[in-house]
Structure formats: C-alpha cells, structure tokens
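Trainee: just coords:
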Ligand SMILES: Nc1nc2c(ncn2[C@@H]2O[C@H](COP(=O)(O)OP(=O)(O)OP(=O)(O)O)[C@@H](O)[C@H]2O)c(=O)[nH]1
Ligand SMILES: [Mg+2]
C-alpha cells in the first residue's frame with residue numbers, strides 16, 4: 001500500500017484529467033475490486049465529496065477537467081485540499097497515473113509540511129503581489145503605524161492591575177440598559193456568525209479570566225455586551241443581524257447606535273469569503289443615512305484563498321469609493337482565529353479613541 005502523502009496542493013492540480021482520459025481511468029477503477037478506498041472524481045472547481053462522482057456514476061458531459069481523489073472508507077469528511085494527506089491508494093492507482101503519463105502527480109517522497117504563512121502586519125499587503133494596481137494607495141492608508149506604535153497600542157489590551165482594568169461590564173437588552181460612561185465607545189456589528197465575538201476574544205486574548213462567548217450556532221449573542229478597556233475605551237459586542245437575529249434587533253442595536261453620545265466608531269464585520277452580502281447592505285445604508293462613522297473589516301481571512309480574498313477586497317474597496325461617505329476609506333483584514341491583522345486593528349482603535357499617549 002502506498003501513501004499519497006507526498007501530494008502537495010500543487011499535486012492536486014497535477015491530478016487533473018481530461019474527460020476522455022477519465023472515462024478510460026474510470027473503467028480501470030470499476031474493475032478495481034480490492035480497493036480499500038472510495039474513489040471520487042470531482043469537477044476541479046467543485047471538489048467536495050457530496051458533489052463528487054463515484055466510478056459507477058456517469059461523468060458530466062461538457063466538463064473538461066476532473067480531479068481524482070481516493071478516500072478511505074472510514075472517513076466521513078473529505079475536503080481534498082485539507083485531507084489529502086490522509087488518503088491512501090494502492091499501486092494500481094500509480095499504474096493508472098503512469099498510463100496517462102501524469103507521473104509527476106504522485107511523488108514517493110515524504111510530505112514537505114509547509115507551515116502556514118503568517119500574514120504581514122497589514123494582511124492586505126500580502127495580496128499586493130497578485131495585482132499590479134495598488135491595493136491600498138497611500139492616500140487610503142489612513143492607518144499606517146510603525147512597529148513601535150503597534151506595540152504601544154497592544155499594551156492597551158493588556159491589563160495592568162487596578163490601574164488598567166480590562167473587564168466585562170454588562171449585557172444590555174436595550175439602549176436604556178447601556179452603562180453610563182464617558183469613555184469613547186466602539187461597537188462591533190455584523191451578520192450573525194460572522195465572527196464578532198471571536199474578534200473580541202482575540203483582541204482580549206491577553207486578558208486572563210475574561211470570557212467572550214462565541215458559538216458555531218448563528219444568533220448566539222442576544223444582547224449588547226459591554227467590555228471596558230481601562231479608561232481608554234469601551235468595546236461593544238452586538239447581536240448579529242440576518243439569520244436568527246433577535247426580534248428586537250433594531251431596538252437593541254440601531255437605536256443604540258443612533259442615541260449613543262460617546263460612540264466614536266462602528267465596526268461592520270464582513271465575511272472575507274463572501275464579501276458584502278444583502279443583509280450587510282441594510283446596515284451600511286442605515287449607517288450612511290445616519291452619517292455615523294464606520295469601518296469595514298473583513299474577517300475569517302484564514303479560511304479563504306488569496307484569490308477569493310483579493311476579489312472581495314477589490315469589490316469592497318469599490319463599494320467604499322463609490323457608494324459610501326461615512327465609511328473609512330481603508331478596509332481592514334483580520335482573522336479572529338489566528339490573530340492576523342488584529343494588532344493593526346488594536347492600533348486603529350487606540351488611534352480613533354485617542355488613547356495613545
Ligand atoms: N476560521 C475562522 N473561524 C472563525 C473566525 N471568526 C469566527 N470564527 C468561527 O465562526 C463561528 C461564529 O463565531 P462568533 O464569534 O460566535 O460569531 P458572532 O458574529 O459573534 O455570531 P452571533 O453572536 O451569533 O451573531 C465560530 O465557530 C467561530 O469559531 C475566523 O476569523 N476564522
Ligand atoms: Mg456573538
């Protein structure tokens with residue numbers, strides 16, 4: 001039994017076959033009774049097991065390229081890009097691959113585990129080599145700190161005894177229950193499940209015993225949760241809009257945004273994989289209408305390919321340019337999971353609340 005563990009992501013691309021090759025290969029697999037694997041042939045750009053075809057199924061006409069994946073029977077999940085290392089196949093597969101002179105597809109070498117690249121201080125800079133036009137021209141680079149400034153801002157998100165407390169204040173079911181305070185406030189809003197609470201969790205990752213509750217289930221946060229960052233600022237984790245939004249969302253969130261005197265910024269979190277969606281538009285229009293200062297932050301960037309992210313960044317930039325007035329011209333990219341882009345956001349929050357001494 002040979003392992004396909006030598007396959008890299010590049011290898012997947014090499015495992016593409018034209019339809020005529022595949023028909024022939026399919027025939028080989030049909031007679032392949034002792035196979036310990038399930039064979040999937042999936043369209044190159046739709047490679048998921050659900051959409052995959054088994055050898056018994058007819059191939060789609062008119063689709064010119066397919067990828068061939070072998071999956072162990074016991075595995076229930078199979079995303080080729082993620083799980084390819086776990087696949088096994090027999091030498092017969094290799095015979096097939098040689099038959100179609102695609103030998104480069106399978107390497108007998110052990111896998112070279114490429115460590116996931118860390119994003120730069122501003123993750124948008126990592127997308128720049130993909131395009132020739134400047135993605136963030138100097139004029140739109142409103143937030144462009146030095147390393148030392150970023151360090152100073154990060155300091156704000158570390159508690160320092162009684163002098164600088166970072167803590168949960170309260171959950172407000174309506175704007176009337178919001179805490180009285182004169183600190184500048186930043187509200188974080190976005191679709192349910194987009195990652196608002198996770199982003200806050202990440203911003204406060206150096207605060208022991210501070211829990212920001214997150215969930216895989218959309219609509220988890222039901223009230224506006226206030227977190228105090230010393231005397232510098234208050235951050236507010238809002239309930240999400242869209243799927244399973246609270247019935248009184250407009251009252252909890254929109255009325256709060258419209259009434260709150262010490263609100264200095266609203267962060268609209270957008271999924272990096274989807275870009276701005278219909279539900280986001282309603283909120284953007286509301287913020288524009290009320291002329292409230294806001295910024296668009298794209299999250300979950302660890303989950304999306306660079307090309308999709310680039311496409312969505314370009315679209316968001318165009319929206320900011322052509323359809324907004326109250327939005328900051330600079331778009332931010334973050335991952336609440338890996339923390340990429342978060343130090344830059346910390347700096348921005350410190351700057352906008354005038355907390356950098
Ligand atoms: N990979 C990845 N997953 C994320 C990221 N941010 C959030 N998630 C996941 O997305 C899910 C939802 O995250 P939450 O932070 O609870 O989302 P929310 O916007 O607060 O959702 P509601 O409170 O329901 O409106 C969780 O399973 C998180 O682990 C991210 O940057 N990267
Ligand atoms: Mg939440």
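Mentor: Perfect, thanks for sending it. Model, not experiment: these values are computed from the prediction. Numbering: from 1, shown residues only. Ligands and ions are numbered 1, 2, ... in the order given.
Trainee: Could you list every helix and strand in contact with the host helix or strand of residue 234?
Mentor: According to DSSP states H and E, residue 234 maps onto strand 233-237. With contacts defined as 3 or more Cβ pairs under 8 Å, 6 or more residues apart in numbering; DSSP states H and E, strand 233-237 has these neighbours: strand 185-190, helix 196-203, strand 224-229. In this view, the C-beta of every residue, glycine as well, is placed from N, C-alpha and C.
Trainee: Please identify the buried residues of stretch 300-307?
Mentor: By neighbour count on 16 or more other Cβ atoms under 10 Å, the buried set for stretch 300-307 is 300, 301, 302, 304.
Trainee: Identify all contacting residues around it.
Mentor: Residues outside stretch 300-307 that contact it (Cβ atoms under 8 Å, 6 or more residues apart in numbering) are 116, 119, 123, 126-127, 130, 194-195, 271-273, 309, 312, 333-338, 340-341.
Trainee: Buried ones from those residues, can you make that a PyMOL selection?
Mentor: The PyMOL selection below is limited to those of these classed as buried (16+ other Cβ under 10 Å):
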select buried, resi 119+123+126+127+194+195+271+272+309+312+333+334+335+336+337+338+340+341
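Trainee: Please look at residue 348 and residue 332 and confirm they touch.
Mentor: Yes: using Cβ atoms under 8 Å, residue 348 is in contact with residue 332, at 7.1 Å.
Trainee: any residues in contact with both of those two?
Mentor: Common neighbours of residue 348 and residue 332, using Cβ under 8 Å, 6+ apart, are 143, 295.
Trainee: before we move on, back to that, of the helices and strands packed on strand 233-237, give the one that comes closest to ligand 2.
Mentor: Nearest to ligand 2 among these is helix 196-203 (3.3 Å), distances taken as Cβ to the ion.
Trainee: Give me the residues contacting the closest one.
Mentor: Residues outside helix 196-203 that contact it (Cβ under 8 Å, 6+ apart) are 157, 188-190, 212-215, 220-221, 227, 235, 237-238, 240, 269, 297, 299, 334-337, 339, 342, 345-346, 349.
Trainee: can you check stretch 207-219 too?
Mentor: With contact meaning Cβ under 8 Å, 6+ apart, stretch 207-219 is reached by 157-159, 166-168, 191-193, 197-198, 200-201, 204, 220-221, 225, 227, 237, 239-240, 242-246.
Trainee: Going through those residues, which ones are buried?
Mentor: With burial judged by 16+ other Cβ under 10 Å, the buried subset of these is 157, 159, 166, 168, 191-193, 197-198, 200-201, 204, 220-221, 225, 227, 237, 239-240, 242, 245-246.
Trainee: Please list which of those are also close to ligand 1.
Mentor: 192, 193, 197, 198, 220, 221, 239, 240 (Cβ under 6 Å from any ligand atom).
Trainee: which non-adjacent residue is nearest the first one?
Mentor: What sits nearest to residue 192 in space, not counting adjacent residues and going by Cβ to Cβ, 6 or more residues apart in numbering, is residue 240, at 3.0 Å.
Trainee: residues contacting the one you found?
Mentor: Contacts of residue 240 by Cβ under 8 Å, 6+ apart are 189, 190, 191, 192, 193, 194, 196, 218, 219, 220, 221.
Trainee: do you know how far the fourth one is from ligand 2?
Mentor: Residue 192 sits 8 Å away from ligand 2 when distances are taken as Cβ to the ion, to the nearest Å.
Trainee: Longest helix in the chain, by number of residues?
Mentor: The residue-count maximum for a helix in the chain (DSSP state H) belongs to helix 306-323.
Trainee: Name the residues of that one that are buried.
Mentor: By 16+ other Cβ under 10 Å, the buried positions in helix 306-323 come out as 309, 310, 312, 313, 314, 316, 317, 319, 320.
Trainee: try stretch 131-146
Mentor: Going by neighbour count (16+ other Cβ under 10 Å), the buried part of stretch 131-146 is 135, 136, 140, 143, 145.
Trainee: Let me see the mean pLDDT of it.
Mentor: Across stretch 131-146, the average pLDDT comes to 89.
Trainee: Let me see the backbone angles for the residue of the stretch 201-350 of the chain found nearest ligand 2.
Mentor: For the stretch 201-350 of the chain and ligand 2, the shortest gap (Cβ to the ion) falls at residue 221, measuring 3.2 Å. Note on residue 221: backbone dihedrals following degrees, to the nearest 10 are phi -80, psi 120.
Trainee: Residue 219 too?
Mentor: According to degrees, to the nearest 10, residue 219 has phi 80, psi 20.
Trainee: how about low-confidence regions in the stretch 101-250 of the chain?
Mentor: In the predicted model of the stretch 101-250 of the chain, residues 101-117 satisfy pLDDT under 70.
Trainee: residues in it within reach of ligand 2, list them.
Mentor: 196, 197, 221 (Cβ under 5 Å from the ion).
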